[in-house]
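Student: Here is my input; please provide its structure:
(one chain, ligands or ions: 2)
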Amino acid sequence: VPYNQEKIDKIKKLKKERNAIILAHNYVLGEVQDVADFVGDSLELSIKARDIDEDVIVFCGVQFMAETAKILSPEKTVLHPVKESGCPMADMATASALRKFKKDYPGAVTVCYVNSTAELKTEVDVCCTSANAADIVSLVPEDKQVLFLPDKNLGAYVAKQTGRDIVLWKGFCPTHMRLTPEDILKKKKEYPEAVTIVHPECRPEVIELSDHALSTGGMLRFAKETEEKQIIVATELGIIHRLQKENPHKLFIPISEQAVCMNMKMIELDHIINALEKNETEIVLDRETIEKARKPIVRMLEKDL
Ligand code: CIZ
Ligand code: SF4
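Tutor: Ligands and ions are numbered 1, 2, ... in the order given. Take a look at the predicted model:
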């Protein structure tokens, strides 16, 4: 019996009482992933949030993810158990700064990584995630300039994949930026047989040294399908929980102990109990923001620019 069985039981009971579903991102604490009804990357979580039947969504991830769930299911109650859990990358691009920036690129198409605020999404043409960024950029007509934000690393990677000339915003993920080529080289030396998978939020020189750049959802699929037995994982450490659970006979080697996003680790079981008992903290967005921010997300989901 897990040491926290009492809390798990309490969450199950509250969930039934409130007709709630728990969604969690691949980076949150293992015990939170285990109590969730669905765990995924941000694209999978968006699709799930759009199609949900329950009245209440408890979103265990960072703020922008809970906002995206609210935008896609505005009639549902969306609870974010620790409201301080934000994404520093999302905060690197404000709507007013983008409005100014766009003036220099009239006619350009703005492609916005979902790791961004709801307010920013009201000012962009289409969203993407790390799982579909190249597909989405490929939908932009060849004669149009692409502005990509907020992540310069994902943007540069997509430019390389698609062969497009992309104007990059200067945002980044502090967690992935901490990972260096030396980290990869060190692990490769220790595990010469291993294959390396990397998140495209990493620096270009880190991606360069890896075998496959994938979203967290892509990493999980890769790990299941590959014949490889040793896999170096260059992304936030929370993903190791599912990788190891779903592939008990393979060895997953975390790139570095530094690869931790503190924001993703804030949510604990007690916060989920509190969220369901006290309705904390409800995501509230005004009608206009929801309507405007919804457009680029729906364009992404329907691949219709
Ligand atoms: O926050 C991140 O870095 C995300 C959304 C990763 C992923 O691939 O799901
Ligand atoms: Fe934001 Fe990076 Fe944390 Fe993802 S891992 S939530 S991009 S800071």
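
Student: how about the residues of this structure near ligand 1?
Tutor: Contact residues (Cβ under 6 Å from any ligand atom) of the chain with ligand 1: 26, 41-42, 115, 130, 173, 201, 215-216. For the C-beta atoms, the positions are set from N, CA and C on the backbone; glycine is no exception.

Student: Kindly reformat these as CSV and extend each row with secondary structure.
Tutor: Rendered in CSV, the data for these read as follows (DSSP: H, G, I helix; E, B strand; the rest coil):
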residue, secondary structure
Asn26, coil
Asp41, coil
Ser42, helix
Asn115, coil
Ser130, coil
Cys173, coil
Glu201, coil
Ser215, coil
Thr216, helix
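
Student: Look through the stretch 101-250 of the chain and state the residue closest to ligand 2.
Tutor: Cys173 (3.2 Å; Cβ to the nearest ligand atom).

Student: from the residues of the chain next to ligand 1, which has minimum pLDDT?
Tutor: pLDDT across the residues of the chain next to ligand 1 is lowest for Ser42, at 88.

Student: Report whether the helix or strand of the chain with the lowest mean pLDDT contacts ligand 2.
Tutor: In the chain, no helix or strand scores lower on mean pLDDT, DSSP states H and E than helix 42-50, which sits at a mean of 89. No: on the criterion Cβ under 6 Å from any ligand atom, helix 42-50 is out of touch with ligand 2, staying 8.6 Å away.

Student: And for the residue of the stretch 1-150 of the chain found nearest ligand 2, the neighbour number?
Tutor: The minimum distance from the stretch 1-150 of the chain to ligand 2, using Cβ to the nearest ligand atom, falls at Cys87 (3.3 Å). Residues contacting Cys87 under the criterion other Cβ atoms under 10 Å number 22.

Student: I figured it hits Gln63, correct?
Tutor: Yes: under the criterion of Cβ atoms under 8 Å, Cys87 makes contact with Gln63 at 6.6 Å.

Student: Report the central residue of this protein.
Tutor: Most central in the chain under Cα atoms, centre = their mean is Ser42, positioned 4.0 Å from the mean C-alpha point.

Student: show me the contacts for that one.
Tutor: 25, 61, 65, 68, 114-115, 129-131, 215 (Cβ atoms under 8 Å, 6 or more residues apart in numbering).

Student: What subset of those is buried?
Tutor: Among the contacts of Ser42, those classed as buried by neighbour count (16 or more other Cβ atoms under 10 Å) are 25, 61, 65, 68, 114-115, 129-131, 215.

Student: Give me the subset of those lying in helices.
Tutor: Of the buried ones among the contacts of Ser42, the ones assigned to helices by DSSP state H are 65, 68.

Student: near ligand 2, which of the buried ones among the contacts of Ser42 show up?
Tutor: Answer for those near ligand 2 (Cβ under 6 Å from any ligand atom): Asn115.

Student: Kindly reformat the buried ones among the contacts of Ser42 as a markdown table and extend each row with distance to Asp143.
Tutor: Compiled in a markdown table, those are given as follows (distance: Cβ to Cβ, whole Å):
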| residue | distance to Asp143 |
| --- | --- |
| His25 | 37 |
| Gly61 | 37 |
| Met65 | 34 |
| Thr68 | 30 |
| Val114 | 26 |
| Asn115 | 28 |
| Thr129 | 26 |
| Ser130 | 26 |
| Ala131 | 27 |
| Ser215 | 29 |
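
Student: Which of the residues of the chain next to ligand 1 sits closest to Glu257?
Tutor: Cys173 (17.0 Å; Cβ to Cβ).

Student: so how many other residues sit close to that closest one?
Tutor: Number of residues near Cys173 (other Cβ under 10 Å) recorded here: 25.

Student: That one against Glu201, yeah?
Tutor: Yes: in terms of Cβ under 8 Å, Cys173 counts as a neighbour of Glu201; the distance is 4.4 Å.

Student: Residues that sit against both of the two, list them.
Tutor: If you check Cys173 and Glu201 against Cβ under 8 Å, 6+ apart, the residues they both contact are 89, 151, 153.

Student: Quick one: list the elements packing against the longest helix anywhere in the chain.
Tutor: Counting by DSSP H, the longest helix found in the chain is helix 287-302. Secondary-structure packing of helix 287-302 (3 or more Cβ pairs under 8 Å, 6 or more residues apart in numbering; DSSP states H and E): helix 42-50, helix 63-72, helix 118-121, strand 126-128.
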